[in-house]
Structure formats: C-alpha cells, structure tokens
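>>> Here you go, sequence then predicted model.
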Amino acid sequence: MKDLWGVLARQRDYRLMLGAGLISLIGDWLLRTGLAFQVYVLTGSTLASGGLLLASFLPAVLLGSLAGVFVDRWNQRTTMIVTNVLNALVLIPLVAVHDASTIWIVYGVVLAQSCLQQFFTPAEQSLVPVLVNSEQLVTANALNSQIRDLARLIGAALGGVLAAAGGLTLLALGDAATFLIAVGLVAAMRHRQQRPETTEETAGGAIKRLKEEWTEGLRLCVAGPAMRLVFVFCLVTGVGEGVMSTLFAPFVSAEVGGDGKVYGLIVSSQAIGGIIGGLVAAAIGSRWPAATLWGIGALAFGLIDTALFLYPLVSSSVIPAFACMIVVGLPGALTIAGMMTVFQNLTVDGTRGRIFGAVGAAESVAVLIGIAAAGFLGDAVGIIPVLVVQGLGYVAGGLVVLSRRRMLAPRPEAVLPQPA
C-alpha cells in the first residue's frame, strides 16, 4: 500500500488525471451499453447493432497512427481538455434519433467519438510518465488499468438503467456530463507543458513534414529489438483478442451450456478480477522489474485462459468458467501495467504519441484479422481448438518476454532519441 499512497497522495496532477479518466470511461461504457440496447430496440436488427462495432473500430485502424503525430506536437493536457469538450458536443445530435430512419445519426456520433479517442488516448498515456517518477510508473499504469474495469462495472450498469428510463436523450446527457466533469478535473492540473515553437511553412512543406513524422512513428515501432518485441507481442495478442471477442459467446453457449444471462455474468466477472488485480499490481509494482511483471502476467494469463477453454472437455459445470474469469484478472493487470511501463521507458516525450498510435493501429488490424479468422475457423476446426490458440499465444509471448527481460530493462542507451 506504500506504493499506492506514494502515487495517489503525493502526485496531485496524476490523481486529477486518474479521476478524469475514471469519470470519462464511465460515460463511455454508459453510452456504449445503452446504445447497443437502444439500436436493437429501434431496428430489431443484429446487423444494425454490428454496425456500431464497425463505426467504433474503423478510426483506430485508419486514424490511430496519424493522430499520434499531432499528439506529439500538441500540449497533452490541452489535447485532453479539447477532446473531452468535443466529445460532449458531438452527443447533441442523439436527441434527434427517435426511430430506425434516423439511426444513421447514431453511427455518425459513434464514429466521431472514436476519432476523438485516437487523440485522447495517446495524450493520456504520454502524460503519465511526465506526472509520476520513473519508479512509480508500474503503480500508475496498474491504477490506469484498474479504473477501466471499475468504469466498466459502473458504466455498463448505468447505461442499461438510463436507456430504459430515458432512451437516447438521457444517455446523451449522462455521457456529456461525464465529459464535462473530466474537463474540470484536467483543467485543474498544475502541469504546464511547453512544446517547441514551429516556424511557418507552406502547405506543401506542412504535408511533407506530417508524412515524415508519420513514417518516423511507423519506423520507431520496430526500431531496436526491444521495441520490436513490444510490437510483435501486441500483434500476436491482438489476433487472440479478436478470436476471443468472436468465439467466447458461442463457447459459453455451445461448450459450457450457458444462456445469455450466464454469458453476461461470466463476462462481468472478469471486471471484478481486474479491479482486484489492479490493486495488487499497483501495490507490488515498484518492487518488481516491469518486464518481469509483463512476462509473468502474460504467461499466467495464457495458462488460465487455456484451462478455461479446455475444462468443458471434462466438466459441464459453469463454476470453473466464473473462477477462471475472476482469477485471470490479476495476471491481466500485471501484463498491462508491465508492458505499458516497458513501452514508456523505451520511448521519450515528443515521439511517444506517434509510436503509441502506430502500435495501436497495427494492433487494431490484428484484432480484425482475429475476428475474420475466428469466423471461418470456428466452424471448420471447432470453437475450443481456435480459442486454445489464443491462450497459447499469451503463453508463448510471456515466455519470450521473460527470456528477454534484460534487454527490456530501462537503460539510457535504450531510450529512443528525440526527432531532429
């Protein structure tokens, strides 16, 4: 608990940013859950509901790496404030949605918010190492991971209630309120970051510089063996996450024998494990090297997932599924906190945004590949064998990270240089 106290009590700006993130994420889950419900009510179409996923996913693939270039140019605190204000404003058109004929407005709002998120997330992640000491990074990243699970529990529950009580208008008002509260918290931060002044240039020169910085971000993703390991790990596990998101519902139904209620409870139980895991990771974070936490977390995560997917071969009970989803929260929190800390130690302010955006865009492509592959292979090979591959991907990734943890340790010569 000493580590937690050191970050939360002594780092005022980080505490404000963490609170803003929690409030904003609650709004995200509130809207996401409520929209999924309302779109199906208005259209009666699962295809229309699937369109929400596409609208929220495309910007990460198409815009993520480019957005990171601008995040490196802009003040991170200002970027977070502006994106939150714009997020609140783009919710206004939802009040005009009353039937299936206006459902296109919902897709437009979701698309706009997802575009804004491509700027907000790299700014937030780039700011964390600036606000806390290097020895507090693991704890800070673990807390960031924990609030996502906490927001998921609170926001999903509120989203269902607000959708039933007031429809899209109430959902929009509730989500907008969370963004505006987050603006107030971020604005209260004392940290002021100065970016180098840029000279005026022609339109052609600006486009050329943008292209150079964008391609530099792509190059830096694989610059050196340590960053290449981070990049490949994200690709492999991204494919696995796509497989999991596609086949887990069929797994619960066909292999575990659960209904929709059981599926919902199993999925939400992972958030409980994530909250507990985040606390543990935050408490022990500074005592372990980040690469060790990452490797152990990924290895344990993969082993537990593999056990989850294989147990229906010997048992028909749903209890092991609940147990595995709760327990997997701890290694999941260790993995995220350790990997993010390694990433932050390998990059420097001024390049971190574009690298984060490029890695995120590549990971999103990997998730799409996993979704497509699972759709074909789930029927051809079987649900369990394909899901087991997801678990084994984490096992292999964890073993590789542990075998390379010396290479991943923070060293002055390992930090990427500032761009010229």
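Noted; the coordinates are in hand. Numbering: from 1, shown residues only.

>>> hey, let's count contacts and neighbours off CA atoms from now on
Will do.

>>> what's the host helix or strand of Ala165 packed up against?
Element membership of Ala165 [criterion: DSSP states H and E] is helix 137-187. Contacts defined by 3 or more Cα pairs under 8 Å, 6 or more residues apart in numbering; DSSP states H and E place helix 137-187 against helix 2-8, helix 12-43, helix 76-89, helix 103-131, helix 260-284, helix 329-346.

>>> which regions of the chain sit below the pLDDT cut-off?
Applying pLDDT under 70 to the chain flags the ranges 1-10, 36-37, 45-50, 53, 160, 192-206, 260, 264, 285-286, 410-420.

>>> follow-up on the earlier one: hey, which of the helices and strands packed on helix 137-187 is tucked in deepest?
helix 329-346 (a mean of 26; mean count of other Cα atoms under 10 Å).

>>> Quick one: work out the angle between it and helix 260-284.
50 degrees (axes from the mean of the first three to the mean of the last three Cα atoms, to 10 degrees).

>>> quick one on the thing from earlier: ok, which of the helices and strands packed on helix 137-187 comes nearest Gly174?
Nearest of the helices and strands packed on helix 137-187 to Gly174, taken as Cα to Cα: helix 12-43 at 7.0 Å.

>>> what's that closest one packed up against?
So helix 12-43, by 3+ Cα pairs under 8 Å, 6+ apart, packs with helix 2-8, helix 46-62, helix 103-131, helix 137-187.

>>> and Asp259, which of the ones you listed is closest to it?
Using Cα to Cα, the nearest of these to Asp259 is helix 46-62, at 17.7 Å.

>>> Which SSE is immediately downstream of the closest one?
Helix 46-62 is succeeded, C-terminally, by helix 64-73 (DSSP H and E).

>>> angle of the host helix or strand of Ala362 against helix 76-89?
Using DSSP H and E, Ala362 sits in helix 352-380. Relative orientation of helix 352-380 with respect to helix 76-89: 50 degrees, computed using the same axes, to 10 degrees.

>>> What residues sit buried inside helix 352-380?
352-371, 373-375, 378 (16 or more other Cα atoms under 10 Å).

>>> Also stretch 242-251?
Buried-residue list, stretch 242-251, by 16+ other Cα under 10 Å: Gly242, Val243, Met244, Thr246, Leu247, Phe248, Ala249, Pro250, Phe251.

>>> Can you give me the neighbour number for Lys208?
The number of residues packed near Lys208 is 12, by other Cα atoms under 10 Å.

>>> And it, how far from Trp214?
Distance, Lys208 to Trp214, by Cα to Cα, to the nearest Å: 10 Å.

>>> circling back to that earlier point, for the next helix or strand after the helix holding Ala165, which helices and strands make contact with it?
Once the chain leaves helix 137-187, the next helix or strand it forms, by DSSP H and E, is helix 203-220. Packing partners of helix 203-220 (3+ Cα pairs under 8 Å, 6+ apart): helix 64-73, helix 352-380.

>>> any chance of those helices in a markdown table, plus distance to Tyr14?
What follows is the helices and strands packed on helix 203-220, written out as a markdown table (distance: least, Cα to Cα, whole Å):
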| stretch | distance to Tyr14 |
| --- | --- |
| helix 64-73 | 19 |
| helix 352-380 | 18 |
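
>>> Identify whichever of the ones you listed lies nearest to Ala151.
Within the helices and strands packed on helix 203-220, the stretch nearest Ala151 is helix 352-380; the backing value is 21.2 Å (Cα to Cα).

>>> just checking, what packs against the closest one?
By 3+ Cα pairs under 8 Å, 6+ apart, helix 352-380 packs against helix 46-62, helix 64-73, helix 103-131, helix 203-220, helix 225-250, helix 383-403.

>>> now with 6 Å?
helix 46-62, helix 64-73, helix 203-220, helix 225-250 (3 or more Cα pairs under 6 Å, 6 or more residues apart in numbering; DSSP states H and E).
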